[in-house]
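Novice: Turn this into a structure:
(one chain, ligands or ions: 1)
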Amino acid sequence: MPSQPLSLNIVGCGKLGQTLGYLWQKNQVFHIQNICNTHIESARQACVFIGTGRACEQEALQTADVWLIATPDEQIAQTCTDIVHANRINAGNIVFHCSGALTSAELTTAQQAGAYTASLHPIMSFSETEQAPRGFQGTFCGYEGDSPALKVLTPSFTRIGAQCFPVSAEHKVLYHTAAVFASNYLTALLEQSLRTYEKAGIPRHTATKILRPIMTQTLSTALEQGTHQALTGPIQRGDVETVAKQVEACQQWDPSAADLYSILGHLTVSLAKKRKDLDPSLLTEISARLNSKTTG
Ligand SMILES: NC(=O)c1ccc[n+]([C@@H]2O[C@H](COP(=O)([O-])OP(=O)(O)OC[C@H]3O[C@@H](n4cnc5c(N)ncnc54)[C@H](OP(=O)(O)O)[C@@H]3O)[C@@H](O)[C@H]2O)c1
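Specialist: Model (predicted):
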């Protein structure tokens, strides 16, 4: 990093922009210059939270070395284009966004103007702005983009506690999908389990208590020892009849529960195969029973 902090404009300074801005200001990583939101009052509040910066409308943006565009994803490309067309972004500037789903290609108009572009995605939920700066330490950030931009940006994230790692632009969608499986769908899976307990006559608040130890222990073992090592239950034991009964019970109750049971069951069979401590013919039989919901 250069000895004089580079100037940074944040366009779209909501939950993520304020957290990063606060941390960069606190650690004197960037000279935070302009803060621009849809509403000027919101930009003013962001400046108060960050502890520096000048709130302004888009037309009043000054030139800057580095630009963070942290609007909602669907606004990033147009916002970038608007700033380029206003001749605020110059050759050699660095322009980046923090979306997990989008690549630096969203910033093509800035690249065409001679800027270096990148995306750096913190894998963190910035829901509580007040709390977020404390929770940022150790956050993993997937990055891709132009080397001259990354040469400046990855150290600027590391200095506020991030752990940066490269992601290929080609696989960025799958990279983001992976987090959806682990985070959003884990919540959905918990919901499915609670509904199944409820159907079995166990109230939700009791079911929530029942699930806490088994879920936390399973997650901890799977993360420490590997997913196939953490596997327990009827498929891992080769208990064909139990699996068949559960498929049938789900089918009678809710076909979508049976679909989910079957899809995850096939994935579980593939994990059980990796353990090599079960007769493969039992696993073949289990796969057939999992398919039986569609074949009749
Ligand atoms: N939140 C997270 O947990 C999280 C995690 C990782 C990555 N990200 C990424 O971070 C980016 C920002 O997300 P966020 O959650 O911080 O969004 P947010 O809290 O909704 O904030 C978005 C901000 O953008 C401003 N804005 C909207 N359109 C604008 C425009 N055309 N020009 C200027 N400002 C505009 C809004 O202004 P007003 O306040 O005036 O409405 C608001 O302050 C997204 O790319 C998102 O994918 C978010």
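Novice: For Arg237, give its distance to Ala230.
Specialist: According to C-beta to C-beta, to the nearest Å, Arg237 stands 14 Å off from Ala230. Yep, even glycine has a C-beta here, placed from its N, CA and C like the rest.
Novice: Oops, could you answer that again for Leu120 instead?
Specialist: Distance of Leu120 to Ala230, computed by C-beta to C-beta: 32 Å.
Novice: So which of those two has more stuff around it?
Specialist: Leu120 (25 against 17; other C-beta atoms under 10 Å).
Novice: and Ala60, how many residues sit next to it?
Specialist: By the measure other C-beta under 10 Å, the count of residues near Ala60 is 12.
Novice: what sits against it?
Specialist: Ala60 sits next to Asn34 when contact means C-beta atoms under 8 Å, 6 or more residues apart in numbering.
Novice: quick one: the strands in the stretch 101-250 of the chain?
Specialist: Along the stretch 101-250 of the chain, counting by DSSP state E, counting those that start in this stretch, strands occupy 116-122, 140-145, 163-166.
Novice: ok now do the residue in the stretch 1-150 of the chain positioned nearest to the ligand, which residues does it touch?
Specialist: Closest to the ligand within the stretch 1-150 of the chain is Gly14: 1.8 Å, counting by C-beta to the nearest ligand atom. Counting by C-beta under 8 Å, 6+ apart, Gly14 makes contact with Asn37, Ser42, Ala46, Ala70.
Novice: Over to Leu61?
Specialist: Leu61 touches Asn9, Val11, Asn34, Cys36, Ile83, Ala86, Arg88, counting by C-beta under 8 Å, 6+ apart.
Novice: Would you pull up how far the helix or strand where the first one lies lies from the middle of the chain?
Specialist: With elements taken from DSSP states H and E, the one containing Asn9 is strand 6-11. The chain centroid and the centroid of strand 6-11 are separated by 24 Å, computed with C-alpha atoms, centre = their mean, to the nearest Å.
Novice: for stretch 140-157, same thing?
Specialist: That offset, for stretch 140-157, works out to 17 Å (C-alpha atoms, centre = their mean).
Novice: can that stretch be found next to the ligand?
Specialist: No - for stretch 140-157, no contact with the ligand is found by C-beta under 6 Å from any ligand atom; the gap never falls below 9.2 Å.
Novice: What would that stretch look like as PDB? C-alpha coordinates only.
Specialist: Output in PDB follows, covering the C-alpha atoms of stretch 140-157 (Å, rounded to 0.1, in the frame of the first residue of the first chain):
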ATOM      1  CA  PHE A 140     -13.400 -14.800   4.000                       C
ATOM      2  CA  CYS A 141     -13.500 -12.700   0.800                       C
ATOM      3  CA  GLY A 142     -13.600 -14.200  -2.700                       C
ATOM      4  CA  TYR A 143     -12.000 -12.000  -5.300                       C
ATOM      5  CA  GLU A 144     -11.500 -11.800  -9.000                       C
ATOM      6  CA  GLY A 145     -10.600  -9.100 -11.500                       C
ATOM      7  CA  ASP A 146      -7.800  -7.000 -13.000                       C
ATOM      8  CA  SER A 147      -4.400  -7.600 -11.300                       C
ATOM      9  CA  PRO A 148      -3.600  -3.900 -10.700                       C
ATOM     10  CA  ALA A 149      -6.900  -3.500  -8.900                       C
ATOM     11  CA  LEU A 150      -6.400  -6.600  -6.800                       C
ATOM     12  CA  LYS A 151      -2.900  -5.500  -5.900                       C
ATOM     13  CA  VAL A 152      -4.400  -2.600  -4.000                       C
ATOM     14  CA  LEU A 153      -7.700  -4.100  -2.900                       C
ATOM     15  CA  THR A 154      -6.700  -7.400  -1.400                       C
ATOM     16  CA  PRO A 155      -4.200  -5.700   1.100                       C
ATOM     17  CA  SER A 156      -6.900  -3.100   1.900                       C
ATOM     18  CA  PHE A 157      -9.300  -5.900   2.900                       C
END
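Novice: List the buried residues in that stretch.
Specialist: Using 16 or more other C-beta atoms under 10 Å as the test for burial, stretch 140-157 gives 141-146, 149-150, 152-154, 156-157.
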